[in-house]
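**Q** Sequence plus the predicted model coming up.
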Amino acid sequence: MARYLLAFDFDHTLIDANSDVYIIKLAPNGELPAEIKDLYKDTGWIEYMGQIFKYLHKNGSKQSDILSCMSEIPLTEGMRELLDFTSKAGCFEHIIISDSNSVFINHILATHSLSVVMAGIFTNPAEFNDAGCLTLQGYHSQDWCSLSTVNMCKGHILKNFIDMKRKSGIEYASVLYVGDGYNDLCPSLELRPQDFVFPRVGFKLHKLITKMSKENKPVDMSALTARIKQWESGLDILETVKSFSLQ
Ligand SMILES: Cc1ncc(COP(=O)(O)O)c(C=O)c1O
Ligand SMILES: [Mg+2]
């Protein structure tokens, strides 16, 4: 039986919010001080998030407050139906590659009873320290990819996962990469013509891919060889998935 890999981004893909932004509602008046806001960089937000977690801790947010806040975030429309189908079909493996953190992702997956579906979760490791403050580290440290943050090249992670599977005898008939953000372009470029990239309509990855076809920026459009299928709901992805499980 042919095997398929479904690789998901997390924020604004599996869940319908950015978990790192959502948690800011626990700050006093839902606002961050300017000195923390200034730490945000497009090239990486580990230090920024670390300072946010310290600030929340200083202002009385407990582990339970942080976890309950994460439980409020809904799955994106249609993702439940998609995962119900692919987890029962028996020929799909599922992974998450996200620049959020392990505490948020594990808790949200547990809230929605989705932990068992995932064959791998590649994200920044996080934990509550003895004082109850959430701390995190970068997933890795990279300088080879200018499309990615310094702590996470999703393309490298995807390629390593597929190579590792190949060594264990599993060759995917198609890889399906589902994402929304700028940081999902690099993994999209790793895909082959028999693979699929699903950019979420109205979000950065979709805008980038549409613009690239006119301007060839930030990379040459010919580097993107996978089939492109835009999506608004997980049900759009389910339609594609159903078409090849029938083959
Ligand atoms: C602070 C912050 N966290 C997380 C993300 C994206 O995380 P994910 O890789 O899960 O979409 C972004 C994207 O810009 C971000 O700015
Ligand atoms: Mg995202």
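**A** Received the coordinates, thanks. Ligands and ions are numbered 1, 2, ... in the order given.

**Q** Only C-alpha atoms from now on, for both contacts and neighbour counts.
**A** Noted.

**Q** which bits of this structure sit near ligand 1?
**A** Counting by Cα under 6 Å from any ligand atom, the residues of the chain close to ligand 1 are 9-11, 20, 45, 98-100, 181.

**Q** can you tell me the helix or strand for residue 205?
**A** helix 204-215 (DSSP states H and E).

**Q** who's the nearest residue to residue 229 once chain neighbours are set aside bridged to?
**A** Leaving aside its sequence neighbours, residue 229 sits nearest to residue 198 (Cα to Cα, 6 or more residues apart in numbering; 4.9 Å). With DSSP bridges applied, residue 198 shows beta-bridge pairing to residue 178.

**Q** Tell me if I'm right that residue 198 and residue 232 touch.
**A** No. Counting by Cα atoms under 8 Å, residue 232 is not a contact partner of residue 198; they are 9.6 Å apart.

**Q** what's the helix or strand harbouring residue 107 packed up against?
**A** Assessed by DSSP H and E, residue 107 sits inside helix 102-111. Packing partners of helix 102-111 (3 or more Cα pairs under 8 Å, 6 or more residues apart in numbering; DSSP states H and E): helix 63-71, strand 120-124, strand 126-128.

**Q** In it, which residues are buried?
**A** 102-105, 107-109, 111 (16 or more other Cα atoms under 10 Å).

**Q** again, but for stretch 146-161
**A** 147-158.

**Q** How about stretch 134-145?
**A** Buried residues in stretch 134-145 (16+ other Cα under 10 Å): 134-139.

**Q** Closest one of those to residue 63?
**A** residue 134 (7.6 Å; Cα to Cα).

**Q** Contacts only, for that closest one.
**A** Counting by Cα atoms under 8 Å, 6 or more residues apart in numbering, residue 134 touches 50, 53-54, 57, 63, 126-128.

**Q** quick one on the thing from earlier: okay, residue 198 and residue 232: which has more neighbours?
**A** The neighbour comparison of residue 198 against residue 232 (other Cα atoms under 10 Å) goes to residue 198, with 25 against 17.

**Q** tell me which residues of stretch 199-207 are tucked away?
**A** Buried, per 16+ other Cα under 10 Å, within stretch 199-207: 199-201, 204-207.
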